[in-house]
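>>> A structural model of the following input is requested.
(chains A and B)
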Amino acid sequence: MQHYTLSSIYHIGKADFLQRVRSYSFLIMLGVCVFMIYSFVPRLDAGYTIVSLGNYRGYYNAAWIGAMVANCGSFFALFGFYFVNNAVQRDVETGVGQIIAATRVKNLAYLLGKYCSNLAVLLLILLIVAVMTILMFGWRAESSVLEWDKLLLPLCILTVPSMIFLAGLALFFDTISWLSRGIMNIAFLIIWIVAVVNSEASPFLDVFNAYTVMNEVNTAISATHSDWNGLLGTGILISDSLVGVKVFVWEGMQWTTQLIQQRLFLILISLGLVLLSALGFRRFRSPNDKTTKHKKRWWSRKQNVKASTTIERKTIPKLSTLPLPPVKFSWSHLLLAEFRLRLKGRGKWWRLFTGGLFLAMIFVDFKIGYEIILPIMWFFQVLVLSELGSAVFVKKCHHYLFAFPDALRRQLPSASFTVSLFLMLLATPILLRALLLGNFYATFAIFAAALLLPAVATLLGTLTKGSKLFEVLFTILTYCYLTYVPYTDYLGARVSESTPGSAHYVLGLAILALSLAFVIRKGQIETI
Amino acid sequence: MEISIKNLSKKYKGDKYGLKNFNLELKNGVLGLLGPNGAGKSTLMRMLATITKPSSGQILLNGTDITKSPNALRKLLGYLPQDFGVYDNLTAVEFLQYIAALKGYSGKLVNTRIEALLEELNLSLVRDQAISTYSGGMRQRVGIAQVLLGEPQLIILDEPTVGLDPEERVRFRNLLSDLSGERIIILSSHIVSDIETIANEIAIMYEGQLLTHQTPDIILQAVEDRTYEVQLTNEEFETFKKQYLVTNTLRKAGGWIVRFVLQRDMPLPTLPVTAVLGTLEDAYLRIVSAAKNEN
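Sure thing, here's the model as predicted:
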């Protein structure tokens, strides 16, 4: 490879990497990582566990702590993807892509640079995870023997290849010009769930490392402890204190050649995805350039003729002769304009999918509609939500919108409330059915959730000036909710005698989030 | 309306000043701001638009300090920043309706006004197309339209003619002339001719300080009887431009026609020169060059 090409790859990767890591959202992401690792190695009396062994518990030695952290690799993959899935798209949005397209940089070199950047970001996250793992050993370990290989090799051999695969997959999605971000997010979530759920079927399917560690633990404990009750579970599992429970001392992973080959295979697939991306990469040309050029021109002509005819028919008065419109602020006008702003330009797939789910909520069983379809439908609105609070910065409108009268009082609440109304509108079938069934709690809970999501989106968007953090957190929340993780029933759909509803907390959280967003935006308006 | 800027400073990290002890009195009319990059024009405009707080000093609008009550000014303000964006999924009409709603304008007159604005800014034909399909100049005109939506009493335009073709620039200048009356218009531009044709007062800034604030006629006096043209060979030109303030050049076969301004106490070259009428651009370059030499 020529020196020029290598240099291009290096500089493209470096610039992209620095652009990403020099952002508040990256710092917050690292903070989330640190919190996750801290939570994934809980105290024995924490009241929950990440890896449950039924009538046994794992002895906190280097191998066990390393395994627990590596076992959570699938979570890192979930939010890692959302953090690196726009390396190419950002160049389209900023216009840098057009500059690069006009240089002699080859598609493959450009994409390799972006791939390296994806990889560097993901590996940096893993580095923080590794440091936290060592710290957690210091805080939580019952064994005083620090075996570095047992503590860190699971992360290096199992999680690193997953991240390499992820870097390639994110790039591949990123280069499909017709794939909207909304569809991409959903597609990845589906791939992730399918891979995690089917990880037991074949080790080759365990790309996100959800099963390999647990399989080894299962084999080891079955072989050495005949009185083990066979209950093995992972996730955030509520448990009594584990102090006094029988102890299983695990000696760590058996690194077989087959296992190493499986992980190396992921790296190969990742590189294959980069090559595939280069083949399909259109080098920042519009997707309409070739196929629909004629059609578009015809359509444009027709529209122009229509517009000009309208203008000829009616006489437009000169601006200087017109009286001023009355200054009378109207919330209804603003909400209507906000509605248009939030929903205009969404693709036909978005309309189709949203419409389909809306209809489904009318006809399916109330419980299914409320508990499953509604959260999926709301999750599908992730891009509508994640723009709240951040679009004004992303679109560079803050320079003048913040200079409008009562900017703080009008803009932030109107945008958040519009999306709340929209979410409630989408939930109409369930809301009406709940009312007909006399389930007033459900009505209140949906109302509270419809306020919460836009409020949190507004807060995170305002705080980070970007949409990523909310997208990641909402994805994790939806996944946790759908997999029955405790305390994530933000919709109040699983209320029973044993699990009382928490809609009033949700409402309180919404008010708190919006208030915080308000305070942050006030500061932004004053100090921009 | 009167705006009084008193001892205004904006200090950045590392003891760098965007603006330093700046004083200016503004009355109804068009003020053109000129200055090299980094002179503090945008900083001044952002502070006037209430989106940047000064480190010290006051901006008084009819006696009210706008840093303390920014809403007093925001109700009267139309602001076009240098680097602005739009919600490009919307059409121009939809975007302006959104802006009108945010600014608090309602009623049928809003739509009539939007139509008139689009017509004046030559956007009527594309009124129903998403802004994402617009050229750079068309987007700039959408930005200008949002400024003029409510007929503001204070209009601040930071580089408004960037991206406009010559025809559109003329159209914009005419529109601004129509609007200039009982209001203050402040505009900055690197295209001196734009300022020259619209502004009735000019302020020249350099390194965060005000060099001069005068009418164009008075500023032009700086180059009265001091502007010349001379024909030079390539070799002569290299030496000449090190000694004299060259304000324009025109390439000719075998050499250059060079326009230059005599700095203070500088003798005329021994070469045959022709006296020409000084322009605002000559005056601006001379004033800024003098400030640079002083520093």
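>>> okay, now the domains of chain A?
A:3-280, A:331-527 (automatic domain parsing).
>>> quick one: the strands in the chain, in order.
Since no chain was named, I'll use chain A. Along chain A, counting by DSSP state E, strands occupy A:48-52, A:56-58, A:233-238, A:246-248.
>>> actually, chain B is the one I wanted.
Remark: strands assigned in chain B by DSSP E are B:2-12, B:16-27, B:29-34, B:56-61, B:64-65, B:77-80, B:154-158, B:184-188, B:201-206, B:209-214, B:227-232, B:245-252, B:255-261, B:273-275.
>>> for these, give me a markdown table that also has mean neighbour count, mean pLDDT and distance to chain A.
C-betas here are computed from N, CA, C, even on glycine. Putting those into a markdown table (neighbours: other Cβ atoms under 10 Å in any protein chain shown; pLDDT from 0 to 100; distance: least, Cβ to the nearest Cβ, whole Å) gives the following:
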| stretch | mean neighbour count | mean pLDDT | distance to chain A |
| --- | --- | --- | --- |
| strand B:2-12 | 17 | 92 | 12 |
| strand B:16-27 | 18 | 92 | 14 |
| strand B:29-34 | 24 | 94 | 15 |
| strand B:56-61 | 18 | 92 | 13 |
| strand B:64-65 | 13 | 90 | 14 |
| strand B:77-80 | 25 | 91 | 5 |
| strand B:154-158 | 25 | 93 | 9 |
| strand B:184-188 | 24 | 93 | 13 |
| strand B:201-206 | 23 | 94 | 20 |
| strand B:209-214 | 18 | 94 | 23 |
| strand B:227-232 | 19 | 93 | 37 |
| strand B:245-252 | 15 | 91 | 28 |
| strand B:255-261 | 20 | 92 | 32 |
| strand B:273-275 | 12 | 91 | 42 |
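>>> so what's the residue nearest to B:N248 when sequence neighbours are not counted bridging to?
Once flanking residues are discounted, B:N248 sits nearest to B:R259: 3.9 Å by Cβ to Cβ, 6 or more residues apart in numbering or on different chains. On DSSP bridges, the residues paired with B:R259 through beta bridges are B:E229, B:N248.
>>> B:R259 against B:Y244, yeah?
No: applying Cβ atoms under 8 Å, one finds B:R259 not in contact with B:Y244, separated by 10.1 Å.
>>> re the thing from before, confidence-wise, which of the strands of chain A is weakest overall?
Of all the strands of chain A, the minimum mean pLDDT falls on strand A:233-238 (a mean of 75).
>>> run a quick neighbour tally on residue 106.
You didn't say which chain, so I picked chain A. Neighbourhood size, A:K106 [other Cβ atoms under 10 Å in any protein chain shown]: 16.
>>> was after chain B, sorry
Count around B:S106 with other Cβ under 10 Å applied: 18.
>>> quick one: contacts for it?
By Cβ atoms under 8 Å, 6 or more residues apart in numbering or on different chains, the residues touching B:S106 are A:P325, A:P326, A:K328, A:F329, A:S330, A:H333, B:A100.
>>> got a list of what the nearest residue to the last one once chain neighbours are set aside touches?
This points to B:A100. Leaving aside its sequence neighbours, B:A100 sits nearest to B:V110 (Cβ to Cβ, 6+ apart; 4.8 Å). Neighbouring residues of B:V110 by Cβ under 8 Å, 6+ apart: A:P325, B:Q97, B:A100.
>>> please name the residues that touch the nearest residue in space to the second one that is not next to it in sequence.
The reference is to B:Q97. Excluding its sequence neighbours, the residue lying closest to B:Q97 (Cβ to Cβ, 6+ apart) is A:A337, at 5.6 Å. A:A337 makes contact with B:E94, B:Q97, B:Y98, B:A101, B:L102, according to Cβ under 8 Å, 6+ apart.
>>> would you mind listing where the stretch 401-528 of chain A has pLDDT under the threshold?
A:497-499, A:527-528 (pLDDT under 70).
>>> who in it is up against chain B?
Within the stretch 401-528 of chain A, the positions adjacent to chain B are A:401-407, A:410-411, A:525-528 by Cβ under 8 Å from any Cβ of the partner chain.
>>> all helices of the stretch 201-350 of chain A, in order?
Assigned by DSSP state H, counting those that start in this stretch, the stretch 201-350 of chain A shows helices spanning A:212-224, A:257-280, A:293-313, A:331-343, A:348-363.
>>> run through who's touching the longest one.
The set of residues external to helix A:257-280 that reach it, using Cβ under 8 Å, 6+ apart, is A:107-108, A:111-112, A:115, A:157-158, A:161-162, A:164-169, A:171-172, A:174-176, A:203-204, A:206-207, A:212, A:253.
>>> who wins for most neighbours among the contacts of B:V110?
B:A100 leads the contacts of B:V110 on contacts (other Cβ under 10 Å) with 25 neighbours.
>>> quick check: it touching B:I114?
Yes: between B:A100 and B:I114 there is a contact under Cβ under 8 Å: 7.2 Å.
>>> can you list residues touching both of these two?
The contact sets of B:A100 and B:I114 overlap at B:L149 (Cβ under 8 Å, 6+ apart).
>>> spell out for me which residue occupies the centre of the chain.
Reading this off chain A. In chain A, the residue lying closest to the centroid (Cα atoms, centre = their mean) is A:V472, at 2.4 Å.
>>> chain B is the one I meant
B:S188 (1.1 Å).
>>> quick one: stretch A:52-67 to chain centroid distance?
The chain centroid and the centroid of stretch A:52-67 are separated by 29 Å under Cα atoms, centre = their mean, to the nearest Å.
>>> now do the end-to-end distance for it.
End-to-end span of stretch A:52-67 (Cα to Cα, to the nearest Å): 13 Å.
>>> what comes up buried for it?
Across stretch A:52-67, burial judged by 16 or more other Cβ atoms under 10 Å in any protein chain shown covers A:52-53, A:56-58, A:60-67.
>>> again with stretch A:244-258
A:F248, A:V249, A:W250, A:G252, A:M253.
>>> over to stretch A:394-407?
Neighbour count says stretch A:394-407 has A:K395, A:C397, A:H398, A:H399, A:Y400, A:L401, A:F402, A:A403, A:F404, A:P405, A:A407 buried, by 16+ other Cβ under 10 Å.
>>> centre of the chain to that stretch, how far?
With Cα atoms, centre = their mean, you get 27 Å for stretch A:394-407.
>>> gap between the two ends of that stretch?
Note: stretch A:394-407 ends 17 Å apart using Cα to Cα.
>>> beta-bridge partners for the closest residue to B:L26 other than its chain neighbours, please?
Distance criterion Cβ to Cβ, 6+ apart; nearest residue to B:L26, sequence neighbours excluded, is B:I3 at 4.2 Å. Assessed by DSSP bridges, B:I3 has beta-bridge partners B:L26, B:L61.
>>> spit out the contact partners of B:I3.
Contact analysis of B:I3 by Cβ under 8 Å, 6+ apart lists B:L24, B:E25, B:L26, B:L48, B:I59, B:L60, B:L61, B:L154, B:I184.
>>> rerun that using 7 Å as the cut-off
By Cβ atoms under 7 Å, 6 or more residues apart in numbering or on different chains, the contact set of B:I3 is B:L26, B:I59, B:L60, B:L61, B:I184.
>>> thought the fourth one was touching B:K75?
Just to be clear, that refers to B:L61. No: B:L61 lies out of contact with B:K75 (Cβ atoms under 7 Å); the separation is 10.4 Å.
>>> what number of residues lie near B:G137?
For B:G137, the neighbour count with other Cβ under 10 Å is 16.
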